[in-house]
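>>> Sequence first, then the predicted structure:
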Amino acid sequence: MSRFTLPRDLYHGKGSISELENLKGKRAFVVVGGGSMKRFGFLAKVEEHLKKAGMAVQLFENVEPDPSVETVMRGAKAMQEFQPDWIVAMGGGSPIDAAKAMWAIYEYPETTFDDLIIPFNFPTLRTKAHFCAIPSTSGTATEVTAFAVITDYAKGIKYPMADFNITPDVAIVDPDLAEKMPQKLTAHTGMDAMTHAIEAYVSTLHCDYTDALALHAIKMIHNDLKKSYDGDMDARDRMHNAQCLAGMAFSNALLGIVHSMAHKTGAAYTGGHIIHGAANAMYLPKVIKFNAKNAEAAERYAEIARFIGLKGETNEQLTDALITELRAMNTELNIPLSIKNYGESGVIADASIIDEKEFAEKLSKVAELAIGDACTGSNPRIPTQEEMEKLLLAVYYDKEIDF
């Protein structure tokens with residue numbers, strides 16, 4: 001038996017943020033990131049709509065990119081003091097992910113962070129509050145997923161949390177918010193969404209319900225991401241839907257080792273963070289090559305290639321065509337093909353912010369952690385320690401390896 005879980009209600013289209021006026025409750029705790037939602041007037045709109053719904057509103061602002069354990073604990077304490085019956089999280093993946101973890105600790109103060117990082121170990125939620133998510137970026141799809149990613153900076157590790165309990169009750173996918181994304185963020189979040197859809201399609205837990213969502217998302221992203229990057233707002237609006245479809249697919253089919261590697265390399269190095277979407281974009285072509293040694297995965301990569309109009313006679317030719325197309329998309333979006341060329345702002349650079357010597361020194365431990373990541377179990381091919389180290393070296397130097 002399999003399970004397919006989505007939010008109870010999903011509102012989409014321009015102006016759908018006004019649906020907040022129909023939430024039923026007394027107190028809403030609003031979680032946001034930096035200043036962009038306030039700067040563009042969306043935070044004021046959220047407050048206005050919630051007050052029209054008759055709710056008292058408390059803000060929790062400045063959730064950092066790659067939210068920390070400390071931020072989660074601080075937010076949970078503020079929730080315990082305010083006692084909301086609605087948690088409304090708005091912004092990119094960071095504030096929404098942070099709010100999901102806060103939610104669990106708010107409802108169960110005795111719960112520890114270590115409890116939550118065990119996959120599918122969350123307590124039963126909604127004893128105190130329901131959850132509404134409003135994404136402002138077109139990539140993470142956390143507004144429809146059973147996942148959150150929280151960083152333990154003391155350990156230098158990003159932890160993916162997984163439990164159907166943290167799938168939001170209400171998702172509001174309003175493209176007006178995404179139209180304010182800067183170009184670089186458009187690229188990184190778009191390739192994050194592409195990775196979600198491709199990994200879901202080849203996951204060992206894929207099914208008829210997830211396959212349709214994943215394939216359609218892949219086609220939409222392939223058609224619209226570059227246009228969105230170049231400033232086409234109609235394409236930007238479609239990308240906001242596409243990333244959400246990809247999220248529906250991977251929340252139920254789960255992911256693979258592209259995400260395992262991205263989680264465990266993201267905060268591991270002293271030179272700086274590897275932005276999640278850029279990491280996925282760099283790692284995806286290498287992982288496809290690795291996974292394609294599995295016959296079923298090779299067939300499914302070939303199906304993806306055919307679906308988006310790529311040419312080839314055999315599964316191997318079609319898989320290679322898909323790899324070539326993804327690498328070309330990275331180049332068009334100014335995303336590097338290797339960690340060695342990963343610059344300070346997450347774009348192509350002559351010198352990496354990730355020191356080659358430090359990368360080598362941490363290779364064994366990072367590989368071990370990646371294999372143990374929650375996303376590895378649903379990958380179509382489980383790497384050995386040696387194979388994971390080879391994969392990581394391949395993405396550092398952009399070199400071909402015969403697996």
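Looks like it arrived, so ask away. Numbering: from 1, shown residues only.
>>> Return the mean pLDDT over stretch 44-53, rounded to an integer.
Taken as a whole, stretch 44-53 has a mean pLDDT of 98.
>>> Can I get that stretch in PDB? Just the C-alpha atoms.
Extracted in PDB, the C-alpha atoms of stretch 44-53 (Å, rounded to 0.1, in the frame of the first residue of the first chain):
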ATOM      1  CA  ALA A  44       1.200  44.200   4.800                       C
ATOM      2  CA  LYS A  45      -1.400  42.400   2.600                       C
ATOM      3  CA  VAL A  46      -1.100  39.200   4.700                       C
ATOM      4  CA  GLU A  47      -1.700  41.200   7.900                       C
ATOM      5  CA  GLU A  48      -4.600  43.000   6.400                       C
ATOM      6  CA  HIS A  49      -6.300  39.900   5.100                       C
ATOM      7  CA  LEU A  50      -5.800  38.000   8.400                       C
ATOM      8  CA  LYS A  51      -7.200  41.000  10.400                       C
ATOM      9  CA  LYS A  52     -10.300  41.000   8.100                       C
ATOM     10  CA  ALA A  53     -10.700  37.400   9.000                       C
END
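>>> residues making contact with that stretch?
Applying C-beta atoms under 8 Å, 6 or more residues apart in numbering, the contact partners of stretch 44-53 are 17-25, 28, 30, 37-38, 57, 59, 86, 88, 90, 134. Where C-beta positions appear, they are placed from N, C-alpha and C, glycine not excepted.
>>> Does His206 touch Ala200 like I think?
Yes. At 6.4 Å, His206 counts as touching Ala200 under the criterion of C-beta atoms under 8 Å.
>>> Show me which of these two is the more surrounded one.
Neighbour comparison, His206 and Ala200: the larger count goes to Ala200, with 29 against 23 (by other C-beta atoms under 10 Å).
>>> what residues are up against the more buried one?
The contact partners of Ala200, taken as C-beta under 8 Å, 6+ apart, are 206, 210, 213-214, 246, 249-250, 252-255.
>>> List of residues touching stretch 328-348?
Residues external to stretch 328-348 that are found in contact with it (C-beta under 8 Å, 6+ apart): 184, 187-188, 190-191, 194, 222, 225-226, 229, 265, 272, 274-275, 278, 281-282, 285, 327, 349-354, 356, 359, 395-398.
>>> let's see 7 Å
The set of residues that contact stretch 328-348 without belonging to it, under C-beta atoms under 7 Å, 6 or more residues apart in numbering, is 184, 187-188, 191, 225-226, 229, 272, 274-275, 278, 281-282, 327, 349, 352-354, 395-398.
>>> what do you get for stretch 219-229?
Contact with stretch 219-229 is made by 183, 186-187, 190, 193-194, 197, 235-236, 238-239, 242, 307-308, 329, 332-333, as judged by C-beta under 7 Å, 6+ apart.
>>> what's downstream of the host helix or strand of Ala44, the next helix or strand?
Secondary-structure element containing Ala44, defined by DSSP states H and E: helix 42-52. Later in the chain than helix 42-52, the nearest helix or strand by DSSP H and E is strand 56-60.
>>> Check the model's average confidence along that next one for me.
Averaging pLDDT along strand 56-60 gives 98.
>>> what's the answer for stretch 309-318, then?
With pLDDT averaged residue by residue, stretch 309-318 scores 98.
>>> ends of it, how far apart?
Terminal residues of stretch 309-318 are spaced 10 Å apart (C-alpha to C-alpha, to the nearest Å).
>>> ok, now stretch 164-183?
The distance separating the two terminal residues of stretch 164-183, taken as C-alpha to C-alpha, comes to 32 Å.
>>> Give me the buried positions along that stretch.
Buried residues in stretch 164-183, counted by 16 or more other C-beta atoms under 10 Å: 164-181.
>>> Just the buried residues from the contacts of stretch 219-229, in PyMOL please.
Buried residues within the contacts of stretch 219-229, as defined by 16+ other C-beta under 10 Å, are selected in PyMOL through the command that follows:
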select buried, resi 186+187+190+193+194+197+235+236+238+239+242+308+329+333
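>>> ok so, going back, buried sites along the helix holding Ala44?
So, applying 16+ other C-beta under 10 Å, buried residues of helix 42-52: 42-43, 45-47, 49-50.
>>> Turn those residues into JSON lines, including distance to Gly312.
Formatted as JSON lines, the entries for these read as follows, by distance: C-beta to C-beta, whole Å:
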{"residue": "Phe42", "distance to Gly312": "44"}
{"residue": "Leu43", "distance to Gly312": "48"}
{"residue": "Lys45", "distance to Gly312": "48"}
{"residue": "Val46", "distance to Gly312": "48"}
{"residue": "Glu47", "distance to Gly312": "53"}
{"residue": "His49", "distance to Gly312": "50"}
{"residue": "Leu50", "distance to Gly312": "52"}
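>>> Between the residues you listed, which sits nearest Glu316?
Of all the buried residues of helix 42-52, Glu316 sits closest to Phe42, with 47.0 Å by C-beta to C-beta.
>>> Once you drop chain neighbours, what's closest to that closest one?
Spatial nearest neighbour of Phe42, chain neighbours left out: Leu177 (5.8 Å); criterion: C-beta to C-beta, 6 or more residues apart in numbering.
>>> Secondary structure element for the one you found, which one?
Mapping Leu177 onto the secondary structure by DSSP H and E places it in helix 175-178.
>>> what is the mean pLDDT for whatever helix or strand comes next after that helix?
Remark: after helix 175-178, the chain's next helix or strand is helix 183-202, criterion DSSP H and E. Per-residue pLDDT over helix 183-202 has a mean of 98.
>>> From the chain's centroid, how far away is helix 183-202?
8 Å (C-alpha atoms, centre = their mean, to the nearest Å).
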